[in-house]
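**Student:** Here you go, sequence then predicted model.
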Amino acid sequence: MKILFATGNPGKLKEVKRRFEREGIEVEQLDAPYPEIQSDSLREVVEHGLKWLGQQHPGKAIMIDDSGLFIDALNGFPGVFSAYALKSMGCAGILKLLDGVENRGAIFQCCAGFVDSGGKIRTASGVVEGEIIYEERGSEGFGYDPIFKPTGHDLTFAEMPLDEKNKISHRGKAFSQLASMIK
Ligand code: ITT
């Protein structure tokens, strides 16, 4: 079985490919942008994107992922603006915003979705709690990984091997659920 994963993010692709290897499912990148509506709900963005992709590529099985980092002290920012904030200010900008802030709590959320060859849509969500540390650590992963330390762990996501991150991450959880729905 082969599923296309519509994403422009190589970090996401690597993690999802690895997760699905275990299921004997091949994942191939579909590097075709899809419309991402402006919404507070990751699921709404995913459902809308999948509907569009299903119409553009009839007969194909396609997955997508919408995710974000929600920081308590910033009222959930960058949240649905995570991609924009990463491009414009990076991890350094987030650390600057949190300068002198004691409450470092944050969560990563992921909504994973799948449209099958018949146009049926399924979604699954995953969350991981953690904190924003005070300086960037590690070189694995991507995006905000160097500043996010999941609760109960000493390492940031960027200091963990991919398989470790996949076991506990928002994306690992969401795509594990999706994998059992698909199989
Ligand atoms: P797509 O093509 O799949 O949309 P994207 O990078 O634009 O890729 P999103 O729209 O879902 O992805 O934006 C999520 C942002 O949050 C993006 O900047 C990611 O780098 C970041 N992010 C999501 N999951 C992450 C993770 O596991 N570790 C670090 N940063 C993450």
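**Tutor:** Okay, I see it. Numbers count the residues shown, from 1 in each chain.
**Student:** Nearest the geometric middle of this structure, what residue?
**Tutor:** The chain has Ser67 as the residue nearest its centroid, 3.9 Å off, counting by C-alpha atoms, centre = their mean.
**Student:** Give the closest residue to the residue in the chain that the ligand sits nearest to in space, chain neighbours not counted.
**Tutor:** Closest contact between the chain and the ligand, by C-beta to the nearest ligand atom, is at Gly143 (2.4 Å). Placement of C-beta: from N, CA and C, glycine included. Ranked by C-beta to C-beta, 6 or more residues apart in numbering and with sequence neighbours excluded, the top spatial neighbour of Gly143 is Leu86, at 5.7 Å.
**Student:** What of Cys111?
**Tutor:** Distance criterion C-beta to C-beta, 6+ apart; nearest residue to Cys111, sequence neighbours excluded, is Leu42 at 3.8 Å.
**Student:** List the contacts of that neighbour.
**Tutor:** Going by C-beta atoms under 8 Å, 6 or more residues apart in numbering, Leu42 touches 66-68, 80, 109-111, 125.
**Student:** Next, see if stretch 87-96 gets close to the ligand.
**Tutor:** No: using C-beta under 6 Å from any ligand atom, we find that stretch 87-96 stays clear of the ligand, coming within 7.3 Å at best.
**Student:** residues from the chain in reach of the ligand?
**Tutor:** Looking at the ligand, the residues of the chain close enough under C-beta under 6 Å from any ligand atom are 7-9, 12, 65-69, 82-83, 86, 108, 141-145, 157, 169, 171.
**Student:** Take those and keep only those in helices.
**Tutor:** Judged by DSSP state H, these include 12, 82-83, 86, 171 as members of helices.
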